[in-house]
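> Let's see this in three dimensions:
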Amino acid sequence: MRRMLRWICWSLGAVGAAFIVAAVASIRFGDASLYPPRLHEPRVEIVIAGYLYHAGIVLPREAIEQIAHRHKLPALAAIASQFSDFPRLEFGWGDQHFYTRAPTPPEVTTVLALRALFRPGNPSVMHVVGLEPHQRAADLDTRLVTLTLGADGFARLAAALDASFARDGDRIEDLGPNLLGPGRFYRANGSYNVLRVCNHWVADLLHAAGVPSAPVLATLPQGLLWDLSLRGGAAPIPPTSR
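Below you'll find the predicted structure:
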């Protein structure tokens, strides 16, 4: 029994040490020319929403529309037009099979999760939800942090976001409404797997904007938000202000 306990402790320690090494090795420093924004630079406030196993990014629709026309981003221009009645939009990226069949934790099954994480070549989708004036995220029962980007950083983030949408020519591919709320799915670029999950996608968008990120920590939304708070200067949004 003692030998087994020692083996278990050694194994857990080895796994923990490997995780720490991988997390440190994956750290990406920010771009000081983009973030934080310069003193008199125009600014855009964005929100990162951390759910149980998923993270999304919330952007002001008006800022999306302006940057899309200024930098010729056709996917975001189409999205801003389609969701013109909403002041903010939440964007998410994920496995098509999983994302369209499990909108809430009760719908998640082991088969769905394992398929999404370990089946090679999983197609992905973009999920866009229009938020009412009082909403800060699609699900109010979640953890939210806010970041302030400068104009250049937001432009870089918007370009990366626009590139996430798959296109048929210049048109994005609408896959229909979601199962909850005023949202829709669109075909996306990239394959979903355990090495590239939704939280990594959010971290990559923020990295494009010059924000520090760490992909290994970002595997779970809790790690993503912790790193953003520790190194990126993200400020939590209290539940009372949502």
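
> quick one: the helices in the protein?
Taking DSSP state H as the criterion, the chain contains helices spanning 2-25, 61-70, 74-82, 96-99, 110-118, 151-164, 198-208, 221-231.

> Just the pLDDT for the residue nearest the centre of the chain.
Averaging the C-alpha coordinates of the chain gives a centre point, and the residue nearest to it by Cα atoms, centre = their mean is residue 202 (3.0 Å). Turning to residue 202, the model gives it a pLDDT of 97.

> contacting residues for it?
When the contact criterion is Cβ atoms under 8 Å, 6 or more residues apart in numbering, the partners of residue 202 are 48, 55-57, 93, 218, 224. Every residue, glycine included, has its C-beta placed from N, CA and C.

> switch the cut-off to 7 Å
Each residue near residue 202 by Cβ atoms under 7 Å, 6 or more residues apart in numbering is listed here: 48, 55, 57, 224.

> try residue 226
Contacts here follow Cβ under 7 Å, 6+ apart; on that basis residue 226 touches residue 217.

> any idea how far it lies from residue 220?
If you measure residue 226 against residue 220 using Cβ to Cβ, to the nearest Å, the figure is 9 Å.

> next one: residue 31
25 Å.

> Ok, residue 54 next?
Counting by Cβ to Cβ, the gap between residue 54 and residue 220 amounts to 10 Å.

> In terms of packing, which of these two has more residues around it?
Taking other Cβ atoms under 10 Å, residue 54 and residue 220 do not tie; residue 54 has more neighbours (23 against 17).

> Need the nearest residue in space to that one, chain neighbours excluded.
residue 198 (5.3 Å; Cβ to Cβ, 6 or more residues apart in numbering).

> Likewise for residue 222?
The spatial neighbour of residue 222 that comes closest, neighbours along the chain excluded (Cβ to Cβ, 6+ apart), is residue 50 at 6.6 Å.

> Same check on residue 189?
Across the structure, with Cβ to Cβ, 6+ apart as the measure, the residue nearest residue 189 apart from its sequence neighbours is residue 166 (5.2 Å).

> Near that neighbour, how many other residues are there?
Neighbour number of residue 166 under other Cβ under 10 Å is 17.

> Now for it: which residues touch it?
Residues in contact with residue 166 (Cβ under 7 Å, 6+ apart) are 173, 187-189.

> Just the buried residues out of those, in PyMOL syntax.
Selecting in PyMOL just the buried members of those, where the criterion is 16 or more other Cβ atoms under 10 Å, is done with this command:
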select buried, resi 187+188
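
> hang on, the earlier thing: neighbours around the residue nearest to residue 54, how many?
If you count neighbours by other Cβ under 10 Å, residue 198 ends up with 25.

> Per-residue confidence, residue 141, what does it come out as?
At residue 141, the pLDDT value in this model is 71.

> whoops, I mixed them up, residue 25
According to the per-residue confidence, residue 25 scores 52 in pLDDT.

> swap in the one 10 residues further on?
At residue 35, the model reports a pLDDT of 96.
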